[in-house]
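# Need coordinates for the below:
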Amino acid sequence: MPPLRTAFSLLRPGVAALLALGLLSCGGGKKKPDSGITLTLYHWMEADRSLWEKEIIGPFEEAHPGVHVVLQTSPYPLYVTKSLTSIASGSQFADLMFAEDWFGQELIQKQYALNLMPYVRRDITVSDFSSETFTEWRGVAQREDELYGFPACLGLTVLFYNKDMFDRARLPYPDTTWTYDDLVRVGKQLTVDTNRDGVPDQWGLSFDVHYTGLETVTYSLGGRTLTDDSRRAALTEPATLHALHFIQDLFVKEKIASNTTSFVNPWEAFVGRRAAMILIGSHGAINLEGTSIRWDLTFPPKGPGGKRLSRRFTMAFMIPRNSPHPDEAWELLHWILVKSPAERLTTQYLGMMPTYRPSTQSPAWLNAEPVHNRHLLVELEQEHAFPLFTPAWQEWRDNNLTPEMLQMIQGSKRVEECASDAERRINAVLARAYEK
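Numbers count the residues shown, from 1 in each chain. Next up is the predicted model:
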């Protein structure tokens, strides 16, 4: 089995800024022109450098004589650190950069990014895009005339399943009729302790409580992580506590999910054929490319009253305010959005779904490797997706919510205590964040 391609959103900053400056990878040996404009495109996808340079940057340069594009990359934690270092110092290091929605909130709050709406109104047919994703990139005020990053791709929370495990158990595959009761019922049938040592050799479900699965279940069951204005935690509300009890039961009472799921790589059990299902972001399909696993995905289950929700997450291109060439940077951004080869978009965006509707309607994207039910993803995004974002996202998630959720699923701390302690600390973080 080939090594896993670690999901980009599982990596977080924590390395000194000086290392970021030292380890930055620049260009690909391309010589800058003696005259004209040079744009710097900055992201962390070094493994896909050839795709970006040959299939996106090269054709752009041919169509725009006098404009040269240099691709700079660095490992994801260093990418984040360098970006923040640039903001603090006021230095200019990119004309166009790629950002996840959680980090985008930091950049927007620090007034780092250019407002793209004048360009959008001039050059974009908004109906050609999944424009509901603009929400994540308008900033706290949510003004219609502001857009600080153009979302290029999105991910959704879905239920992946291993067909071979279902076939061996003579069980029908999960489908869009499933409720969370069905998830538990079938999960029990697929949890197997072969050697009867009290530890399952096969789990029914892999479920990571740090990322998108947590909110997908919580909100589908009527709870919520944050209040509607996203300024306070809502973990101690009765409906949220009910949902958290359900999540804890998956691990402690029903015992269909392992509470030792890796924080660094929650895909480990599924890819290792030790879990029959995994509820997680759709972009994880890229981890399955090249494996011999027979798999597919479907909607997350329905909650009470048929309520079905899937937490959405996005990535966008941003133009730093201090770019000396914003017009040319926009031309590059626009080219990437509408000219990228549809059959390569899955790789280009690390398994995420493009927001450009002509691409998601094209056979080239719908049938691209790895093959799975992409029609379902389009429907899920249009009918059941919801965002969740705030400033200081990493701080309140990684440092305040996740430790409590881990204690909760291990059964070492009561749900009510975990919710209360997390809520108190999250509210302190959000209060500081919204004061800035």
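# only C-alpha atoms for contact and neighbour calcs from this point on.
Will do.
# Neighbours of residue 229, how many?
Residue 229 sits with 8 neighbouring residues when counted by other CA atoms under 10 Å.
# Ok, residue 308 next?
When neighbours are counted by other CA under 10 Å, residue 308 registers 22.
# Thought residue 222 was touching it, still the case?
No - counting by CA atoms under 8 Å, residue 308 stays clear of residue 222, with 10.0 Å between them.
# Can you give the domain ranges for this protein?
Domain assignment for the chain by automatic domain parsing gives 8-155+314-377, 156-311+389-435.
# average pLDDT across the longest one?
The one in question is domain 8-155+314-377. Domain 8-155+314-377 shows a mean pLDDT of 87.
# now that domain, how far from the centre of its chain.
14 Å (CA atoms, centre = their mean, to the nearest Å).
# Kindly report the same for the last one.
Average the C-alpha atoms of domain 156-311+389-435, do the same for its chain, and the two points are 15 Å apart (CA atoms, centre = their mean).
# Let me have the domains of the chain in CSV, adding distance to residue 383 as columns.
As requested, these are exported to CSV (distance: least, CA to CA, whole Å):
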stretch, distance to residue 383
domain 8-155+314-377, 10
domain 156-311+389-435, 9
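# So what are the sheet partners of the strand ranked longest in the chain and their directions?
Looking across the chain with DSSP state E, the single longest strand is strand 150-162. According to DSSP bridges, strand 150-162 forms sheet pairs with strand 277-281 (antiparallel), strand 295-298 (antiparallel), strand 310-318 (antiparallel), strand 353-354 (antiparallel).
# Pick the most buried one from those strands.
strand 277-281 (a mean of 27; mean count of other CA atoms under 10 Å).
# bridging residues for the most centrally placed residue in the chain?
Centroid-nearest residue in the chain, with CA atoms, centre = their mean: residue 313, separated by 4.7 Å. Beta-bridge partners for residue 313, by DSSP bridges, are residue 155.
# That one touches residue 151, doesn't it?
No - between residue 313 and residue 151 there is no contact under CA under 8 Å: 9.9 Å.
# Packing partners of the strand or helix carrying residue 58?
Using DSSP states H and E, residue 58 falls within helix 58-63. Under the contact definition 3 or more CA pairs under 8 Å, 6 or more residues apart in numbering; DSSP states H and E, helix 58-63 sits against strand 67-73.
# need the longest helix for this structure.
For the chain, the longest helix by residue count, based on DSSP state H, is helix 415-435.
# for that helix, which positions count as buried?
Neighbour counts using 16 or more other CA atoms under 10 Å place 415-416, 418-420, 422-423, 425-427, 429-430, 433 of helix 415-435 among the buried residues.
# and what of stretch 136-144?
136, 137, 138, 139, 140.
# So which of these belong to helices?
Among the buried residues of stretch 136-144, no member lies in helices (by DSSP H).
# Inside strands: which ones of those residues?
Using DSSP E, none of these sit in strands.
# Need those in CSV (columns: distance to residue 365).
Formatted as CSV, the buried residues of stretch 136-144 follow (distance: CA to CA, whole Å):
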residue, distance to residue 365
136, 24
137, 25
138, 28
139, 31
140, 33
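# from those residues, which is closest to residue 258?
residue 136 (32.5 Å; CA to CA).
# distance of residue 384 from residue 284?
Residue 384 sits 19 Å away from residue 284, going by CA to CA, to the nearest Å.
# which one of the two has more residues nearby?
Using other CA under 10 Å, the more surrounded residue of residue 384 and residue 284 is residue 284, with 23 against 16.
# My read is that residue 172 contacts residue 166, right?
Yes - between residue 172 and residue 166 a contact is recorded at 6.7 Å, counting by CA under 8 Å.
# Name the residue in those two with the higher neighbour count.
With neighbours defined as other CA under 10 Å, residue 172 and residue 166 compare such that residue 166 has more, 19 against 10.
# what's in contact with the helix or strand harbouring the more buried one?
Residue 166 is part of helix 163-168, with elements assigned from DSSP H and E. For helix 163-168, contacts defined as CA atoms under 8 Å, 6 or more residues apart in numbering pick out 172, 173, 190, 276, 293, 294, 295, 296.
# So which of these belong to strands?
Using DSSP E, the contacts of helix 163-168 in strands are 295, 296.
# show me what contacts residue 162?
By CA under 8 Å, 6+ apart, the neighbours of residue 162 are 273, 276, 277, 293, 294, 295, 296.
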